[in-house]
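[1] how does the following fold in three dimensions:
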Amino acid sequence: MLKLFVILVLLFSAVICKSSEPGYPVCCDSTIDLSLQGLIQDHVDRLMDLRHPDWGWANTPEAVLGIQLGDMQAFFGLNKTIATMEAEMKAEIYTASVGKLGYYAMAVQSVCEDPREFGGINIIARILTNLKTQFGETTRTQPKDGWYSYGLGIQALCVSNQHVPISTTLRIINGQSSDGSYGTVHSVDETGQMLLAAICARKQVKNNFFLKRWLTLAINKASTFLLTDINPDNTGNIWIGNKYSTPAALLGLQKAGVTFGMCNVIAHDLANGLEATEPEGAISERLPAMSGKSVLVLGSDDWTCVVPDPIPAGYVPSYTPDATSECYNVSASGHISVKLSVQDSIGANVSGPYDSTQQVNNVENGNTLLQVMTQAQCEGIFQFETTPSSFGEYVVTVNGVTANDTIHQYWALINANTLQYLSVGVSQYVPGDGENILFQLSVW
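    Residues are numbered from 1 along each chain as shown. Model (predicted):
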């Protein structure tokens with residue numbers, strides 16, 4: 001009932017930004033006030049605490065992009081990180097997903113270097129080649145790296161002033177579900193990224209009225225889908241999908257020119273939602289939404305870089321993932337992909353839509369679900385906590401939502417392809433290529 005009330009308020013309200021109520025840049029044409037600047041600095045500080053000894057992160061280009069869009073002035077040690085990013089890019093240029101390549105290209109663009117000549121490699125050319133292989137045989141309806149990754153690749157082309165191929169643009173239009181979402185599980189995550197991709201692709205269309213019209217319809221449908229998937233969590237915060245899918249959704253709606261009454265409420269909850277144990281990926285994605293800058297700003301003539309603050313005296317990056325995450329021991333050189341979906345609303349339809357879906361690529365065939373989850377957490381796209389049990393590790397928290405066992409809540413594990421419950425736990429289950437595992441908050 002509360003969700004229905006929230007939706008009605010959203011659909012019949014408009015954003016109001018008064019001088020006495022600054023609001024948030026992602027919702028209004030407003031500047032960053034001192035309070036929000038302090039919250040942004042807290043997020044940057046947390047990312048700096050998670051910096052590895054080589055001056056990079058688990059996902060270095062994503063972190064670079066987050067800080068550059070959030071507060072580039074605070075990015076001390078930037079040149080050392082760029083050197084690490086170049087080495088990492090060279091090591092995986094031929095194996096990375098199209099989304100990871102997109103992160104590299106946009107991160108390079110954000111530091112005012114050329115993604116067509118970064119360390120002697122043309123990242124844009126690699127993205128174009130990778131995009132051509134995403135659908136393989138003509139019968140494939142979903143990109144092999146997932147729509148989230150596909151959208152990032154398209155955005156990278158746009159901000160580097162590279163023309164998006166017509167075949168790719170048509171995939172944006174034809175790949176959309178009837179409800180406006182993308183992906184077989186109607187994901188907010190994937191839809192938010194594809195909304196930004198559709199917006200930037202439309203901007204490139206000059207003389208094709210019908211193509212521009214189709215893209216406009218796709219943008220409108222995706223925006224409507226996001227607006228009708230707004231949920232309160234069990235702590236009273238309001239999200240689009242969930243906490244981790246909200247940043248891209250907010251930025252997509254902003255660039256689509258959509259205003260809605262609870263935007264400032266959601267942005268406030270997002271800005272004040274920093275947790276001590278949050279993974280770097282969540283922070284990197286949140287910073288652009290807090291500052292109101294999507295990656296599309298990188299393609300404008302107004303984008304300039306500033307000299308960052310000097311490295312603080314005595315600062316040495318030293319974060320090493322703890323033994324429970326085993327990030328340094330996770331293999332990411334396999335040949336299968338697995339999706340992890342989350343549904344944190346009690347009683348929601350098991351067939352979707354889901355609050356978020358993330359695709360984990362380069363999974364070693366034969367890895368357990370727990371290993372896949374750990375790989376996703378190390379990449380900053382999924383968060384979980386477990387507790388030991390006689391049946392192996394028992395999932396208690398997913399993406400910041402903890403099952404409350406005092407009211408009989410638990411995280412159900414479901415094969416979203418077959419809608420069957422898993423017969424064993426995360427420590428024993430071995431997912432297959434293309435499998436989608438749903439973590440559904442349930443009661444017994």
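
[2] from one end of stretch 361-375 to the other, what's the distance?
    Length of stretch 361-375, first residue to last, Cα to Cα, to the nearest Å: 9 Å.

[3] could I get the average pLDDT for it?
    In this model, stretch 361-375 carries a mean pLDDT of 85.

[4] return the set of buried residues in it.
    By 16 or more other Cβ atoms under 10 Å, the buried positions in stretch 361-375 come out as 361, 362, 363, 367, 368, 369, 370, 371, 372, 373, 374, 375. Quick note: C-beta positions are derived from backbone N, CA and C, even for glycine.

[5] among those, which lie within strands?
    361, 362, 363 (DSSP state E).

[6] the first one: what's it in contact with?
    It stands for residue 361. 97, 145, 149, 332, 337 (Cβ atoms under 8 Å, 6 or more residues apart in numbering).

[7] what's the closest non-adjacent residue to the second one?
    Setting aside the residues directly before and after it, residue 145 is nearest to residue 97 in space (Cβ to Cβ, 6 or more residues apart in numbering), at 4.2 Å.

[8] who's in contact with that neighbour?
    Counting by Cβ under 8 Å, 6+ apart, residue 97 has contacts 130, 145, 149, 359, 361, 362.

[9] among the contacts of residue 361, which lie within helices?
    Residues of the contacts of residue 361 located in helices (DSSP state H): residue 149.

[10] which is the next helix or strand following the strand or helix carrying residue 40?
    In the assignment (DSSP states H and E), residue 40 maps to helix 34-49. As assigned by DSSP H and E, the chain's next helix or strand after helix 34-49 is helix 60-71.

[11] report the beta-bridge partners for residue 240.
    Beta-bridge partners recorded for residue 240 (DSSP bridges): residue 230.

[12] residues touching it, list them.
    Here residue 240 is in contact with 188, 192, 226, 229, 230, 246, 249, 250, 266 (criterion: Cβ under 8 Å, 6+ apart).

[13] mind showing which ranges of the protein have poor pLDDT?
    Low-confidence segments of the chain, defined by pLDDT under 70: 1-23, 29, 137-139, 185, 321-334, 390.

[14] apply 50 and report the result again.
    Applying pLDDT under 50 to the chain flags residues 1-21, 323-325, 328-329, 331.

[15] and the lengthiest helix in it, what does it pack against?
    The residue-count maximum for a helix in the chain (DSSP H) belongs to helix 209-227. Under the contact definition 3 or more Cβ pairs under 8 Å, 6 or more residues apart in numbering; DSSP states H and E, helix 209-227 sits against helix 2-11, helix 166-174, helix 188-204, helix 246-255.

[16] so can I have TSV of the ones you listed showing distance to residue 86 and mean neighbour count?
    TSV is the format used below for these (distance: least, Cβ to Cβ, whole Å; neighbours: other Cβ atoms under 10 Å):
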stretch	distance to residue 86	mean neighbour count
helix 2-11	43	13
helix 166-174	27	17
helix 188-204	25	28
helix 246-255	26	26
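
[17] let's have the ones you listed in JSON lines, adding distance to residue 350.
    Formatted as JSON lines, those follow (distance: least, Cβ to Cβ, whole Å):
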{"stretch": "helix 2-11", "distance to residue 350": "17"}
{"stretch": "helix 166-174", "distance to residue 350": "27"}
{"stretch": "helix 188-204", "distance to residue 350": "17"}
{"stretch": "helix 246-255", "distance to residue 350": "22"}
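
[18] of the contacts of residue 361, closest to residue 30?
    residue 149 (32.2 Å; Cβ to Cβ).

[19] mind checking how far that closest one is from residue 282?
    Taking Cβ to Cβ, to the nearest Å as the measure, residue 149 falls 17 Å from residue 282.

[20] higher neighbour count, those two?
    Counted by other Cβ atoms under 10 Å, residue 149 and residue 282 do not tie: residue 149 has more neighbours, with 26 against 23.

[21] pretty sure residue 416 sits against residue 440.
    No - Residue 416 lies out of contact with residue 440 (Cβ atoms under 8 Å); the separation is 9.2 Å.

[22] any shared contact partners between those two?
    By Cβ under 8 Å, 6+ apart, the residues touching both residue 416 and residue 440 are residue 350.

[23] contacts only, for residue 43.
    Residue 43 sits in contact with 70, 274, 283, 286, 287, 290, where contact means Cβ under 8 Å, 6+ apart.

[24] can you tell me the SS state at residue 258?
    coil (DSSP: H, G, I helix; E, B strand; the rest coil).

[25] just give the nearest non-adjacent residue to it, would you?
    Going by Cβ to Cβ, 6+ apart, residue 258 has residue 223 as its nearest residue, at 5.0 Å.

[26] next one: residue 202
    Per Cβ to Cβ, 6+ apart, closest to residue 202 is residue 215, 4.1 Å.

[27] now residue 289: how far from residue 264?
    Residue 289 is 13 Å from residue 264, by Cβ to Cβ.

[28] residue 221 too?
    In terms of Cβ to Cβ, residue 221 sits 25 Å off from residue 264.

[29] residue 312 and residue 76 touch, don't they?
    Yes - proximity of residue 312 to residue 76 meets the contact threshold set by Cβ under 8 Å, at 6.6 Å.

[30] more neighbours: these two, which one.
    The neighbour count for residue 312 versus residue 76, taken as other Cβ under 10 Å, is higher for residue 76 (17 against 10).

[31] I figured the more buried one hits residue 307, correct?
    No - with contact defined as Cβ under 8 Å, residue 76 does not count as touching residue 307 (10.4 Å).

[32] quick one, strands of the stretch 251-400 of the chain?
    336-343, 356-363, 384-389, 392-398 (DSSP state E, counting those that start in this stretch).

[33] which one of those lies closest to residue 119?
    Here strand 356-363 is closest among the strands of the stretch 251-400 of the chain (Cβ to Cβ), at 21.2 Å.

[34] list just the nearest of the buried residues of stretch 361-375 to residue 209.
    Looking across these and measuring by Cβ to Cβ, the closest to residue 209 is residue 361, at 37.5 Å.

[35] could you check how far the closest one is from residue 49?
    27 Å.

[36] got it, and residue 257?
    37 Å.

[37] and these two? Which one has more around it.
    When neighbours are counted by other Cβ under 10 Å, residue 257 and residue 49 differ, and residue 49 comes out ahead with 12 against 9.
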